[in-house]
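Engineer: prediction below, plus the sequence it came from.
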Amino acid sequence: MTATVGLIVFMLAIVISIILGTKLKMNIGMVALAFTFLIGVTLSGLSGRSVSGLFPTNIFVTQLVATFFYGFASLNGAFNGIADRIIYRTKKVKGALPFVVLLCTILLSMMGAGAEATPVIMSPIAFMLAAEAGFHPILASLAVWVGSVCTIGATWTPGGAVAYSIWSPHLGEEAADATSLYIMLLLIAIGFITMLVVDFIYRKDLKEIEMEEPAPFTPIQKRSLMIVVIALLLMLIPAVLEALAPNPVTKWISTHITVQVVCLVGSLIFVIMGLADPKEVFSKKIPWNSLITLAGMGTLVALAGELGIVDAIGGWIGDSVPAKFMPLMLVLVAGLLSYVVAASSVIYPLFAPMVPALAAASGLSPVLIAVSIMLGANISSFSPVSTGGSMAMLGASEEQRDIVMTGQFRFAMYFLIIFVAIFGVLGLLGVFG
């Protein structure tokens, strides 16, 4: 099979997987996995075992163990307790409530709840506050989305760890660390500015909200939060010290005490201390649908890499697009894809293997290319048919849902067009090169 034929077959497989998965209400990853075996065995002559070997084991395990670990604190209400306390302390500052929701979402996501679990906790709270305090429901959804998506660069969270595990084999650890930091700071800045603008557009008379003081943390919740904090310190402090003053001790810790190790040991401690039912955590708090999508699409993309199709796409882009326009084009393409598909399960696995070829062809920094792709993949994910937007609408009532869905479609496209124009005209992405 030639590279051109392979490219056509590969792109058709992705498109058909998305269409069939959506129409049949079947997980897209399962459809993609079926196409992977069909293409690999019949058209490419690979054995079934060889195709199975393309399964993205590292990414799957990272997401599985991280969401399992943080699921204990989510299931027993420890994370909810933090959110309730922050909201209660700031309820009288009516005009600031959407930003309180934003900051609370960022805090929970940074603590490890991540982009998968945080919306489940914060979305019902956000829409309840919107109804009681009288601010527009699109602000509630936006605050949850911004607060969740902007922590994608936090490598100690489930989503950040998965993103890092996708990018680091193609960028190298140092460049992947830089990319994670840059995209997190960039998305936080963009998200906060967006919140200010949308809040100004929808500003109206707000009402006092009635809310009882949250009950004290239970002993189980206190112990859960202590374990989470210790885990975060184990992951963060050695990495920070290694960055500031490299030495053999922190290097060893950073290399061997990984997210997977910390989360597995932490999960075992949760179970031994009886802080939540592990069966319930396993069934209710692990995002199985996202995991299967990530694994299925990742396997399909790995097959494309094995057949040289990804390199062919990267080479074509590198030869066809002038270097100075490449970051902008990548933002736009990734953004259009993210309007309907998930960044971590489709866009990152598709584009990450192309980075070395694109960097070589254009002479641009691999970090600049990766930041451009990640920026595009996230700024339009507010769309209600994308994972980010749909998660940020979980707690909406039927009345709120109709309003929010229309706004999400509109604003997702506005974000993409406006920020592409801004970064293109001002050349701001160049600072990451």
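Structural biologist: It's in.

Engineer: the residue nearest to Gly160 when sequence neighbours are not counted and Pro124, how far apart?
Structural biologist: Ranked by Cβ to Cβ, 6 or more residues apart in numbering and with sequence neighbours excluded, the top spatial neighbour of Gly160 is Ala154, at 4.2 Å. Quick note: C-beta positions are derived from backbone N, CA and C, even for glycine. Taking Cβ to Cβ, to the nearest Å as the criterion, Ala154 is separated from Pro124 by 23 Å.

Engineer: contacts only, for the nearest residue to Pro119 once chain neighbours are set aside.
Structural biologist: Spatially, and ignoring its direct neighbours in sequence, Pro119 is nearest to Met391 (4.0 Å; Cβ to Cβ, 6+ apart). Shown in contact with Met391 (Cβ atoms under 8 Å, 6 or more residues apart in numbering): Ala115, Glu116, Pro119, Val120, Ser123, Val144, Trp145, Ser148.

Engineer: hmm, back to that, show me what contacts the residue nearest to Gly160?
Structural biologist: Ser109, Met110, Gly160, Ser180, Met184.

Engineer: and it, which of the three is it?
Structural biologist: coil (DSSP: H, G, I helix; E, B strand; the rest coil).

Engineer: how about the helices of the stretch 51-200 of the chain, start to end?
Structural biologist: For the stretch 51-200 of the chain, the helices identified by DSSP state H, counting those that start in this stretch occupy 57-75, 78-89, 97-108, 114-133, 137-149, 158-171, 173-201, in order along the chain.

Engineer: mind putting these into TSV with distance to Ala342?
Structural biologist: Putting the helices of the stretch 51-200 of the chain into TSV (distance: least, Cβ to Cβ, whole Å) gives the following:
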stretch	distance to Ala342
helix 57-75	12
helix 78-89	23
helix 97-108	19
helix 114-133	10
helix 137-149	11
helix 158-171	10
helix 173-201	16
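
Engineer: right, and those helices - which one's nearest Ile8?
Structural biologist: For Ile8, the closest of the helices of the stretch 51-200 of the chain is helix 158-171, at 23.9 Å, according to Cβ to Cβ.

Engineer: the closest one vs helix 114-133, what angle?
Structural biologist: Between helix 158-171 and helix 114-133, the angle formed by their directions is 140 degrees, by axes from the mean of the first three to the mean of the last three Cα atoms, to 10 degrees.

Engineer: mind giving me the packing neighbours of the helix or strand containing Ile8?
Structural biologist: Under the criterion of DSSP states H and E, Ile8 resides in helix 3-23. Under the contact criterion of 3 or more Cβ pairs under 8 Å, 6 or more residues apart in numbering; DSSP states H and E, helix 3-23 touches helix 28-38, helix 288-306, helix 309-320.

Engineer: now do the residue nearest to Gly160 against Leu375, distance only.
Structural biologist: With the distance defined as Cβ to Cβ, Ala154 ends up 16 Å from Leu375.
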